[in-house]
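S.K.: sequence and predicted model, in that order:
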Amino acid sequence: DTAVSQTPKYLVTQMGNDKSIKCEQNLGHDTMYWYKQDSKKFLKIMFSYNNKELIINETVPNRFSPKSPDKAHLNLHINSLELGDSAVYFCASSHRSYEQYFGPGTRLTVT
Amino acid sequence: KQEVTQIPAALSVPEGENLVLNCSFTDSAIYNLQWFRQDPGKGLTSLLLIQSSQREQTSGRLNASLDKSSGRSTLYIAASQPGDSATYLCAAGGNEKLTFGTGTRLTIIP
């Protein structure tokens, strides 16, 4: 039933570690996104993929590397985690530029 | 660069009242305008999507309007209920991404 799912829902880790967040959509959409919501609740685009091809990389540090193995999946790998990476990360999908559907979010806490 | 603003940042109204949430954007070259609801600690729920060629969309007690020329959108909520309490976000769609406003935190007082 779940349209856009993310795992894990919560992630607590120490500085310097490497972690991954997975995202899957079963809506048949061709475009997937990663957004970051900071401590002030502001949401900002990080990456956008269309048919497994990177469309947008919004000045995100190289420590963040998205990977899209197929159109239904967009994973986010983060190297050398920093305190400032603590945030809620949302995955979303859409058919081209139409309505975007969001996952439940992954709350990342870096200690 | 697209900038989206929502004013006020917070709004409290008594139950049963009608209310309007405002959203303004700087670049009128948008594909669509999407309104979301976010409950504390939760994800985003899409409420309404207005395509750039449309003027308004309605869903139940919600009505969203779009005026591209003035860079404004409004979300009208009729007969507000305590369950409407949440943060409402508008987002301008363009260039393969959504640009979000900072949100309006709505509290409906029983």
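M.R.: Received it, and whenever you're ready, just let me know what you need. Quick caveat, the model's predicted, so the values are computed rather than measured. Residues are numbered from 1 along each chain as shown, chains lettered A, B, ... in the order given.
S.K.: now stretch B:43-51: mean pLDDT?
M.R.: Averaged across stretch B:43-51, pLDDT comes to 93.
S.K.: restrict it to CA atoms and write it as PDB.
M.R.: Extracted in PDB, the C-alpha atoms of stretch B:43-51 (Å, rounded to 0.1, in the frame of the first residue of the first chain):
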ATOM      1  CA  GLY B  43       6.000  13.500   6.900                       C
ATOM      2  CA  LEU B  44       4.300  15.700   4.300                       C
ATOM      3  CA  THR B  45       0.700  15.100   3.100                       C
ATOM      4  CA  SER B  46      -0.200  16.600  -0.200                       C
ATOM      5  CA  LEU B  47      -3.400  18.600   0.000                       C
ATOM      6  CA  LEU B  48      -3.800  20.300  -3.300                       C
ATOM      7  CA  LEU B  49      -1.900  20.800  -6.600                       C
ATOM      8  CA  ILE B  50      -2.700  23.700  -8.900                       C
ATOM      9  CA  GLN B  51      -1.100  23.400 -12.400                       C
END
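S.K.: which of the helices and strands in the chain ranks last by mean pLDDT?
M.R.: Let's take chain A. Ranking every helix and strand in chain A by mean pLDDT, DSSP states H and E puts strand A:53-57 at the bottom, with a mean of 85.
S.K.: the chain in question should be chain B.
M.R.: For chain B, judged by mean pLDDT, DSSP H and E, that is strand B:97-100, with a mean of 90.
S.K.: is it anywhere near chain A?
M.R.: Yes: between strand B:97-100 and chain A, judged by CB under 8 Å from any CB of the partner chain, the touching residues are B:97-100. For glycine as for every other residue, the C-beta is placed from the backbone atoms N, C-alpha and C.
S.K.: how about CSV for the residues you listed, with distance to A:Gly105 and neighbour count added?
M.R.: Output for the residues of strand B:97-100 next to chain A, formatted as CSV (distance: CB to CB, whole Å; neighbours: other CB atoms under 10 Å in any protein chain shown):
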residue, distance to A:Gly105, neighbour count
B:Lys97, 18, 24
B:Leu98, 15, 31
B:Thr99, 19, 21
B:Phe100, 14, 24
